[in-house]
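Chemist: Structure, please.
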Amino acid sequence: MTTRLPNEPLFLNRELSLLKFNERVLAMAEKPSTPLLERLRYVCIVSSNLDEFFEIRISTLKVQQRTNPQLLGMDGLNADAALDEVESAVHRLVQRQYALLNDDIFPRMHAEGIVLHHASEWNEAQLQWARETFNRDVMPLLTPIGLDPAHPFPRVYNKSLNFIVPLSGVDAYGRKATIAIVQAPRALPRLLSMPSEISGHPHGYVLLTSLLRAFVGELFPGLEIQGCYQWRVTRNSDLFVDEEEVTNLRHALQGELSQRHFGAAVRLEIDKLTPPELELFLQREFSLGPDDTYRVNGPVNLTRLMQLCNVGRPDLLFPDYHAIMPAPFDEVDDKPTAMFAAIAQQDRLLHHPYQSFQPVIDFLTAAALDPDVMAIKQTIYRTGEDSELMQILLRAAQAGKEVTVVVELMARFDEQTNINWAARLEEVGAHVVYGVVGHKTHAKMALVLRREKGRLRRYAHLGTGNYHPRTAKLYTDFGLLTADSALCEDMDRVFSQLTGLGARRPMKQLLQAPFTLHEKMVEMIRAEAEAAKAGRKARIMAKMNSLLEQTVIEELYLASQAGVKIDLIVRGVCALRAGVPGLSDNIRVRSIIGRFLEHARVFYFHAEGEERVYLSSADWMDRNFFRRVEIAFPVNDPVLKKRVINESFTYALRDNQLAWVQQPDGDYARVKGRGEPVNLHQELIRVLG
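Modeler: All right, here's what the predicted structure looks like:
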């Protein structure tokens, strides 16, 4: 039994922990040693993260507040209490963002010739350019709406840019003007480039907001403009599909997607100069209160500033890095047989982005081209709109191969992209299925069946990350190319479960959610605890994005109390409290925030010296264990196992540049850079590059 602390819950709040992660991301923007435009990028990433935070997490709390207000979370808070703490934390974070931009980053950018020209500072030439640009490119696309009984408040798209304009006077029809709403069409760029000869700087820009504020009077001739204030509303973007009633998931989801952008409002962002009466007017319109309203000193959507990171100033970015093509793939010729021979020889481990994603593309290309390949089976969670990998699968199907693709239509915010790919695959004769209703297919695997010497042989790729070449350059993930018969046979059984019907079948190597993954993780944690109680060596190390599942956390507490040394590298949300006397003395939690996004899930257990190492697509969360199709696959080759341990844990636990350590109260402290500097990402670039 775990020891309950006086007045302290055993678990940290999920939303507050997620905000702590975003504070660590923002700290990268505050760090003077981070290149200037990368500092801006981190600010934009925080804004993007907060958008999703409101669309999903805050909206979930608000639904709970309305439907089950007394329900307590694992942290001991009900929805009211959680929202109070969470919204206060968000307000502090947003204020910190804008202060950093206005007081530090923008002035430094200006000194580098990257300038946002505000209307109050335009000279005559800039004013003339701005007026011509507005009249030519902006004004024809605007549809101002003067509010009156015949013109009700317009339907507002999620996260769209809007303006509220107080007016006075009488129009041509004798109507008294009061308030107008101007919606910025999504087709209009939010940043417009000003010619350098007019700007006076190499990279001059004007915000669409500045143009509207300066020339909004053109939309209301004869009326007096009393102001023009930007605002944006964020809506609940969780999708609901009644999976028991659905007969065609793709068609049902397409119908739901069209309504996503008009869900219940959960956040209002307004210009800091907005008069109180207009703020109250907007709050009433969207049924929001003061705590839901964020007054900002700058653009209401900072994510749009990401464009400025690509102005052609590499000296203000991280040094360019090109992933190496690892052996033996750097010497494999273009013949498909060479690729399969290299994998048949031994398992091949890839560590992205330090090592290129190209071998995965080449593996599937070889499968599509090789006449001896009979079938390709693959899962797709996120892959992008312009995916080379999906084009390969299309060509394979067109060439007459049996192509089976399990497309996850419910991959959040990638639903439409996946629907489009599913339709294209079906058009060329591929077998497209959508997994198991009620369980997202999150496992990352591709299986190739090849005829060799009159028999079928299986080749496979298993990964911790998505089949997405762009994110493979930014996210740290492992991939395994293998011809191991037991692993490949297990994969075939998983595909059979996903595409057909039948009883659960035993696996030789793979752990699979929702069946064996959770029970095996608990079993291996308990085994380490028993070893420690018996005085034998015991050790657990795990790396993941999120740690939330209650039973696993409780078992880790018990293992710690038994004397097991536990190191957890959790990038984002962590509900476990580390280092609490009597509860988790032997547990340390680290978070690595740096140039690359830590994304791999790696689980290590000493196992009486056997050293079991698993790579997985699954975080230790309820949804991954019980509501998703996930896999964890062992690394059996001793050389590759040692690589995974070193590259996942050894360097990360020595890092004193990017690492943060969780405190018992849930706060994080940056690791002090004592001794020789160790930067995990730079070390792995050096070791693997």
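
Chemist: Distance check, the residue nearest to residue 169 when sequence neighbours are not counted against residue 669.
Modeler: Spatial nearest neighbour of residue 169, chain neighbours left out: residue 223 (4.1 Å); criterion: CB to CB, 6 or more residues apart in numbering. The C-beta positions use only the backbone N, C-alpha and C, and glycine is treated the same way. Separation of residue 223 from residue 669 (CB to CB, to the nearest Å) stands at 56 Å.

Chemist: So between the two, which is more surrounded?
Modeler: residue 223 (17 against 10; other CB atoms under 10 Å).

Chemist: Next, that one: phi, psi?
Modeler: The phi/psi pair for residue 223 (degrees, to the nearest 10) reads phi -110, psi 160.

Chemist: That one against residue 166, yeah?
Modeler: No. Using CB atoms under 8 Å, residue 223 is not in contact with residue 166, being 10.4 Å away.

Chemist: Okay, strands next: where are they in the stretch 201-350 of the chain?
Modeler: Counting by DSSP state E, counting those that start in this stretch, the segments of the stretch 201-350 of the chain that form strands are 203-207, 224-225, 229-235, 265-271, 293-296, 348-352.

Chemist: The stretch 451-600 of the chain too?
Modeler: Applying DSSP E, counting those that start in this stretch to the stretch 451-600 of the chain gives strands spanning 455-463, 475-482, 511-513, 539-544, 565-570, 587-592, 597-598.

Chemist: Of the ones you listed, which is nearest residue 110?
Modeler: Checking the strands of the stretch 451-600 of the chain against residue 110 by CB to CB gives strand 597-598 as the closest, at 29.3 Å.

Chemist: Strand partners (parallel or antiparallel) of the closest one?
Modeler: Here strand 597-598 has these sheet partners by DSSP bridges: strand 475-482 (parallel).

Chemist: The partner strand relative to strand 348-352, how many degrees between them?
Modeler: 170 degrees (axes from the mean of the first three to the mean of the last three CA atoms, to 10 degrees).

Chemist: So which bits of stretch 288-296 are buried?
Modeler: 288, 292, 293, 294, 295, 296 (16 or more other CB atoms under 10 Å).

Chemist: In this structure, where is pLDDT below threshold?
Modeler: 1-8, 149-150, 238-262, 409-415, 418, 435, 502 (pLDDT under 70).

Chemist: and it, what are its domains?
Modeler: By the assignment in automatic domain parsing, the chain contains the domains 336-509, 512-688.

Chemist: The ones you listed: which one's closest to residue 61?
Modeler: Among the domains of the chain, domain 512-688 sits nearest to residue 61 (CB to CB), with 14.5 Å.

Chemist: looking at this, residue 404 is in a helix?
Modeler: No. Counting by DSSP: H, G, I helix; E, B strand; the rest coil, residue 404 is not part of a helix but strand.

Chemist: correct me, but it touches residue 377?
Modeler: Yes. Judged on CB under 8 Å, residue 404 makes contact with residue 377 at a distance of 4.5 Å.

Chemist: still on that earlier bit, nearest to residue 118, of the strands of the stretch 201-350 of the chain?
Modeler: That would be strand 203-207 among the strands of the stretch 201-350 of the chain, by CB to CB, at 8.0 Å.

Chemist: Just give the strands next to the closest one in its sheet, each with its orientation.
Modeler: In the sheet, strand 203-207 lines up with strand 114-116 (parallel), strand 191-194 (antiparallel) (DSSP bridges).

Chemist: tell me what whichever helix or strand comes after the last one is packed against?
Modeler: Beyond strand 191-194 on the C-terminal side, the first helix or strand identified by DSSP states H and E is helix 196-199. The helices and strands touching helix 196-199, judged by 3 or more CB pairs under 8 Å, 6 or more residues apart in numbering; DSSP states H and E, are helix 124-133, strand 203-207.

Chemist: I'd like these laid out as TSV, including distance to residue 173 and mean neighbour count.
Modeler: Converted to TSV, those look like this (distance: least, CB to CB, whole Å; neighbours: other CB atoms under 10 Å):
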stretch	distance to residue 173	mean neighbour count
helix 124-133	28	15
strand 203-207	33	21
